[in-house]
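**Student:** here is my input, please return the structure:
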Amino acid sequence: MKYLSLPILFALCLPAAAQVVSDYPTAARAEYVFACMATNGQNADALTRCSCSVDAIAEILSWEDYVAAETVLRMRQGGGERAALFRGNPTNTAILAELRRAQAEAEMICF
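**Tutor:** Here you go, the predicted structure:
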């Protein structure tokens, strides 16, 4: 009996596994929440829903994919040849589609 409880005691002494933390920087999450609240209202309910939304997006898209999609989105808003390069590229369209899919899923979960 003494030997059987030794592995259990050893397992209890180990530190608990840390929760997996998203690689989204806090500033990026805050920026998303502020922009979301500007659209959805400056109240506690919007804060909760917008925070939920960015958390849901972070579960779907890696930080690198999110940055790539945001870059494509911002570059498409401009004018001229640079914006045209971002509009006509199928790879960029696919990247942006992933962001929109993540946003739609987050909206279904949180709003």
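
**Student:** what about stretch 101-111, distance to the chain center?
**Tutor:** Relative to the centre of its chain, stretch 101-111 is centred 11 Å away, using Cα atoms, centre = their mean, to the nearest Å.

**Student:** and the helices in the protein?
**Tutor:** 2-13, 26-40, 44-60, 63-77, 80-87, 90-110 (DSSP state H).

**Student:** format the ones you listed as TSV; extra columns: mean pLDDT and mean neighbour count.
**Tutor:** The C-beta positions use only the backbone N, C-alpha and C, and glycine is treated the same way. Converted to TSV, the helices of the chain look like this (pLDDT from 0 to 100; neighbours: other Cβ atoms under 10 Å):
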stretch	mean pLDDT	mean neighbour count
helix 2-13	52	8
helix 26-40	98	14
helix 44-60	98	17
helix 63-77	96	15
helix 80-87	86	12
helix 90-110	97	15
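
**Student:** show me what contacts residue 105?
**Tutor:** By Cβ atoms under 8 Å, 6 or more residues apart in numbering, the contact set of residue 105 is 56, 60.

**Student:** same thing with residue 86?
**Tutor:** 72, 75, 76, 92.

**Student:** over to residue 70?
**Tutor:** With contact set as Cβ under 8 Å, 6+ apart, residue 70 has these partners: residue 99.

**Student:** my guess is residue 72 meets residue 96, correct?
**Tutor:** Yes: at 5.1 Å, residue 72 and residue 96 qualify as touching, with contact defined as Cβ atoms under 8 Å.

**Student:** tell me the contacts of the spatially closest residue to residue 102 that is not a sequence neighbour?
**Tutor:** Spatially, and ignoring its direct neighbours in sequence, residue 102 is nearest to residue 60 (4.1 Å; Cβ to Cβ, 6 or more residues apart in numbering). Residues near residue 60 by Cβ under 8 Å, 6+ apart: 101, 102, 105, 106.
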